[in-house]
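Quick one, structure for this:
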Amino acid sequence: MRSRAPAMLACGLLTLPAVALAHHSWRAVYDGGEEVTIDAMISSSIYRNPHRTVRAMLVYDGGELEEWTIEWRGGRRRVGDDEETYDLEPGDPVVIEGRIARFPGSKKLQMYKLTRVSDGLTITGRRGRNRNRN
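Next up, the predicted model:
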């Protein structure tokens, strides 16, 4: 009977780059990026690990669509606090205020404020230490 340890180690090492790319420094990605307000349409559900993230289709003037990753920092949770829940659905039109990632072509945006057009539902994200201007 062979040991499973080498196979498990190999699987763990193969997933390490994906985990490293998924979690990043906010400053490394967004500092120096342009602040924008955009019209978009939600294209996926919200993910919560490692950051709160949703995919949205941006609509350009010529009607061209482009899918972007929208990330935000939630409030810090204390033990026993309930997880924040949002009822955003694919197809919901939204207005997003935030900062584009500083790397050209990365299609990422750090969201400060997201407002659903249909009913005014608003989600706000933290800007980081000493950066909230609300």
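
Please count neighbours and contacts with C-alpha atoms only from this point.
OK.

which strands and helices sit next to the helix or strand where residue 115 lies?
Using DSSP states H and E, residue 115 sits in strand 108-116. Helices and strands touching strand 108-116, by 3 or more Cα pairs under 8 Å, 6 or more residues apart in numbering; DSSP states H and E, are strand 65-72, strand 93-100, strand 122-124.

quick check: angle from that strand to strand 65-72?
Here strand 108-116 runs at an angle of 90 degrees relative to strand 65-72 (axes from the mean of the first three to the mean of the last three Cα atoms, to 10 degrees).

the inter-axis angle of strand 108-116 versus strand 93-100?
150 degrees.

Pull the residues that contact strand 108-116.
30, 68-72, 92-101, 121-127 (Cα atoms under 8 Å, 6 or more residues apart in numbering).

List the buried residues in stretch 120-129.
Neighbour counts over stretch 120-129 (16 or more other Cα atoms under 10 Å) mark 124, 125, 126, 127 as buried.

Using CSV, list the CA coordinates for it.
Provided in CSV are the C-alpha atoms of stretch 120-129 (Å, rounded to 0.1, in the frame of the first residue of the first chain):
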residue,chain,number,x,y,z
GLY,A,120,-31.5,52.4,-4.8
LEU,A,121,-29.9,49.5,-2.8
THR,A,122,-26.5,50.7,-1.9
ILE,A,123,-23.4,48.7,-0.8
THR,A,124,-20.3,50.6,0.4
GLY,A,125,-16.8,49.3,0.7
ARG,A,126,-14.0,50.5,2.9
ARG,A,127,-11.2,52.4,1.2
GLY,A,128,-8.5,51.3,3.6
ARG,A,129,-6.8,52.9,6.6
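
Can you pull the poorly scored residue ranges out of this structure?
The chain contains residues with pLDDT under 70 at 1-24, 49-50, 74-85, 128-134.

can we see that at 50?
1, 15-22, 78, 130-134 (pLDDT under 50).

Look up phi and psi at residue 120.
phi 80, psi 10 (degrees, to the nearest 10).
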